[in-house]
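A.B. asks: 3D, please:
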Amino acid sequence: MSASFLTFFSAGLCTLLLATTLATTLAEAGGRGAMFDRLDLDKDGLVTRGEAMEARGRWFERVDADADGNLTLEEMTAQRRHGGAEGKAGRIERRFAKLDQDGDGRISQAEFTAGTGHWIERVDGDGDGAISREEWRVAADRRKRKAPDESAE
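C.D. replies: Numbering: from 1, shown residues only. The predicted structure is shown next:
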């Protein structure tokens, strides 16, 4: 084989490997893995109830634009638009209605975080009190099969 062929072949192989790695990284960064990483505050590969509560509390404070301790539908809608995740029509409204437990048109931080413990228990397949990346992936795949238009929430 000629040196130019080997150089060309090696360059092509490197390009293919780089493209594959980049595609995987981009998919992870914008998908389910990105949310897991935001919840895994200590970066140990597990999401505990405490981490999920703290991360959700931080998100709540960031989205509560008027800092009144409540989220409105408008604040949630603005956050989704700003984050580029408008999603399917009505998805934000359905999510808001589900979280607004007392029906007053506002979501308190207590309402927002109320289901976190139950959610952790439901996703925690091995019952160790934390969610691994694999448990996260399995739960996300199950949710996607159940309701494809709701999977990105």
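A.B. asks: Only C-alpha atoms from now on, for both contacts and neighbour counts.
C.D. replies: OK.
A.B. asks: Which secondary structure element is home to residue 44?
C.D. replies: Residue 44 is part of no helix or strand when elements are defined by DSSP states H and E.
A.B. asks: do you know how far it is from residue 97?
C.D. replies: 34 Å (C-alpha to C-alpha, to the nearest Å).
A.B. asks: more crowded one of these two?
C.D. replies: Using other C-alpha atoms under 10 Å as the criterion, residue 44 and residue 97 rank with residue 97 on top: 17 against 9.
A.B. asks: if I pick the more buried one, what's in contact with it?
C.D. replies: residue 103 (C-alpha atoms under 8 Å, 6 or more residues apart in numbering).
A.B. asks: for the one 10 residues further on, same thing?
C.D. replies: Residues in contact with residue 107 (C-alpha under 8 Å, 6+ apart) are 70-72, 96, 99-101.
A.B. asks: And it, how far from residue 41?
C.D. replies: Relative to residue 41, and taking C-alpha to C-alpha, residue 107 is found at 24 Å.
A.B. asks: try residue 105
C.D. replies: Distance of residue 105 to residue 41, computed by C-alpha to C-alpha: 31 Å.
A.B. asks: swap in residue 104?
C.D. replies: 32 Å.
A.B. asks: got it, and residue 75?
C.D. replies: 25 Å.
A.B. asks: Give me the domain ranges for this structure.
C.D. replies: Following automatic domain parsing, one gets these domains for the chain: 1-30, 37-150.
A.B. asks: looking at those, which is buried most?
C.D. replies: Burial of those is given as mean neighbour count (mean count of other C-alpha atoms under 10 Å); domain 37-150 ranks first at a mean of 16.
A.B. asks: which stretches of the chain aren't confidently modelled?
C.D. replies: Residue ranges of the chain with pLDDT under 70: 1-32, 81-89, 147-153.
A.B. asks: Quick one: the strands in it, in order.
C.D. replies: 46-48, 70-71, 107-108, 130-132 (DSSP state E).
A.B. asks: With distance to residue 60 added, can I get the ones you listed in a markdown table?
C.D. replies: Shown next, in a markdown table, are those (distance: least, C-alpha to C-alpha, whole Å):
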| stretch | distance to residue 60 |
| --- | --- |
| strand 46-48 | 18 |
| strand 70-71 | 8 |
| strand 107-108 | 9 |
| strand 130-132 | 21 |
